[in-house]
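K.L.:
Quick one, structure for this:
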Amino acid sequence: MKINSHQLYVILDKKCQRGRSFLETAQAAIRGGADVIQLRDKELSTKELIQQGIPVRELTRQTGTVFIVNDRVDVAVALQADGIHLGQDDLPIETAKKILGFQVLIGKSTHSLEQALTAEREGADYIGVGPVFATPTKPSYPPVGLELVKEVSERIKIPFVAIGGIDVRNIQEVLDKGAVNIAVVRAVVGAENVEEAAWQLKKEIQKCPLQSQGR
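P.N.:
Numbering: from 1, shown residues only. As a prediction, the model looks like this:
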């Protein structure tokens with residue numbers, strides 16, 4: 001499995017899910033068109049996150065959805081995830097590949113063109129670029145803006161996912177700058193109707209003409 005073009009990448013986050021479980025949220029997001037599901041939680045213990053992640057992993061296998069674990073390499077191993085998403089302060093990409101194997105996708109969060117180029121050079125399979133707009137899920141990170149999306153689309157050869165404050169009201173601005181993959185948290189998992197919210201975003205992504213550079 002891999003990050004392809006015109007994909008909707010949905011990040012599960014208990015704080016935003018209106019009391020819904022990871023599984024309930026993932027089911028609705030996938031029905032709405034999510035191509036990638038990331039399991040993220042900064043507070044659950046390893047045991048708790050694995051227990052709650054098991055049914056989500058089974059769902060993604062059944063539906064052919066890419067399953068990514070955020071940060072937690074031990075959880076990614078236990079759940080046999082398709083990939084791991086690392087932050088700037090997490091394990092080096094090379095170390096993660098040694099632990100997880102070279103068939104597992106390695107994603108890296110980047111907040112500048114320099115970080116994006118470095119991640120590509122170090123062997124990331126894809127990168128996250130953001131936060132594009134201000135978002136309460138990443139309050140300590142200032143928005144990088146639309147111009148970084150444009151720069152990355154012109155300079156980076158590996159797939160990238162634009163993330164941060166993106167919703168149905170501003171997604172077209174991001175797509176216009178060259179993004180073809182969009183990651184969201186609140187815009188889908190925090191919506192009253194998760195399936196409908198995912199469908200609306202996926203519809204906008206699919207309208208976008210295919211960009212160059214192999215994405």
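K.L.:
starting at the chain centroid, how far to the longest helix along the chain?
P.N.:
Of all segments of type helix in the chain, defined using DSSP state H, the longest is helix 46-63. Mean-position distance between helix 46-63 and its chain equals 17 Å (C-alpha atoms, centre = their mean, to the nearest Å).
K.L.:
Let me know the average pLDDT across the next helix or strand after that helix.
P.N.:
Counting by DSSP states H and E, the next helix or strand C-terminal to helix 46-63 is strand 66-70. Strand 66-70 shows a mean pLDDT of 98.
K.L.:
any idea how far residue 160 is from residue 9?
P.N.:
For residue 160, the distance to residue 9 equals 11 Å [C-beta to C-beta, to the nearest Å]. C-beta here means a position set from N, CA and C on the backbone, and glycine is covered the same way.
K.L.:
Settle it for me: which of the two has more neighbours?
P.N.:
Each of residue 160 and residue 9 has its neighbours counted (other C-beta atoms under 10 Å); residue 160 has more, 30 against 24.
K.L.:
so what's that one bridging to?
P.N.:
Note on residue 160: beta-bridge partners residue 127, judged by DSSP bridges.
K.L.:
Identify the residues contacting it.
P.N.:
116, 126, 127, 128, 129, 152, 153, 179, 181, 215 (C-beta atoms under 8 Å, 6 or more residues apart in numbering).
K.L.:
any idea which of the residues you listed is closest to residue 138?
P.N.:
residue 128 (10.7 Å; C-beta to C-beta).
K.L.:
In this structure the closest one contacts residue 163, no?
P.N.:
Yes: with contact defined as C-beta atoms under 8 Å, residue 128 counts as touching residue 163 (5.0 Å).
K.L.:
what touches both of these two?
P.N.:
residue 183.
K.L.:
For residue 106, grab phi and psi.
P.N.:
phi -120, psi 120 (degrees, to the nearest 10).
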